[in-house]
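> Here is the input, now give the coordinates:
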Amino acid sequence: MSEVLGLRHSHEAWCALEVSFLYRSKTCELQLKDELQLMQRGSQFVVEFSHTFKGLCDQLAAIGHSIDNTDKVHWYLRALGPDYKIFFTTMMSQLPLPSFIEIVLKTLSHEIFERSVSHSSSNSAYYVQQTSKSVGAKKWKNRPPPSSSSSAHSKSSSTVHCQLCDNDGHLAKCC
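Model prediction:
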């Protein structure tokens, strides 16, 4: 009401409202764009991050300032962080650039793949460590006693080295 109070014609009232709300709309647009450009995924899962990012894009569209696909994809991929550096480069090098929705789906698939690889790697590392310990202990127990003959200590005989894992899973030289 305060914007149109005292105006005589409807045209004047509409012009006054347009100017008033245009300023607020422009401020809101810039604020939302800044949020998009400065956004970082951090420790969020990709699905949570994608939802927040898309929400800001939807708010911009609702006030009549949609982000074009290239900017949206670029800002989104950049915000994923350094863990997605190779993924970012791969996606940005595709011509034509995938749509935002395609990028989100590929990012979700990539995150699932990375989790499965790191999970299986940690399980494999644990298995190798445990197996090495037990095999190393058996080799050490079943090792023949050192020979007392002088030929075993002669310079002409070759020195045999074996590698075993110590209790911490690190390789330790013996023999």
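
> all contacts plus neighbour counts: C-alpha atoms, from now on.
Noted.

> how about the helices in the chain?
For the chain, the helices defined by DSSP state H occupy 10-38, 46-62, 69-79, 85-92, 100-141.

> least reliable of the ones you listed going by mean pLDDT?
Lowest mean pLDDT within the helices of the chain: helix 100-141, a mean of 73.

> just checking, Gln37 touches Trp75?
Yes. Here Gln37 lies in contact with Trp75, judged by Cα atoms under 8 Å, at a distance of 5.7 Å.

> sorry, back to before: columns distance to Val4 and mean neighbour count on top of the helices of the chain, output as a markdown table?
What follows is those, written out as a markdown table (distance: least, Cα to Cα, whole Å; neighbours: other Cα atoms under 10 Å):
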| stretch | distance to Val4 | mean neighbour count |
| --- | --- | --- |
| helix 10-38 | 5 | 14 |
| helix 46-62 | 25 | 16 |
| helix 69-79 | 38 | 19 |
| helix 85-92 | 49 | 14 |
| helix 100-141 | 41 | 14 |
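
> Got the domain ranges for the protein?
Per automatic domain parsing, the structural domains of the chain span 1-38, 41-141+158-174.

> which one of the helices of the chain lies closest to Ser2?
Nearest to Ser2 among those is helix 10-38 (10.0 Å), distances taken as Cα to Cα.

> tell me which strands and helices that closest one is in contact with?
When contacts are defined as 3 or more Cα pairs under 8 Å, 6 or more residues apart in numbering; DSSP states H and E, helix 10-38 sits against helix 46-62, helix 69-79.

> Try it again at 6 Å.
Packed against helix 10-38 by the contact rule (3 or more Cα pairs under 6 Å, 6 or more residues apart in numbering; DSSP states H and E) you find no helix or strand.
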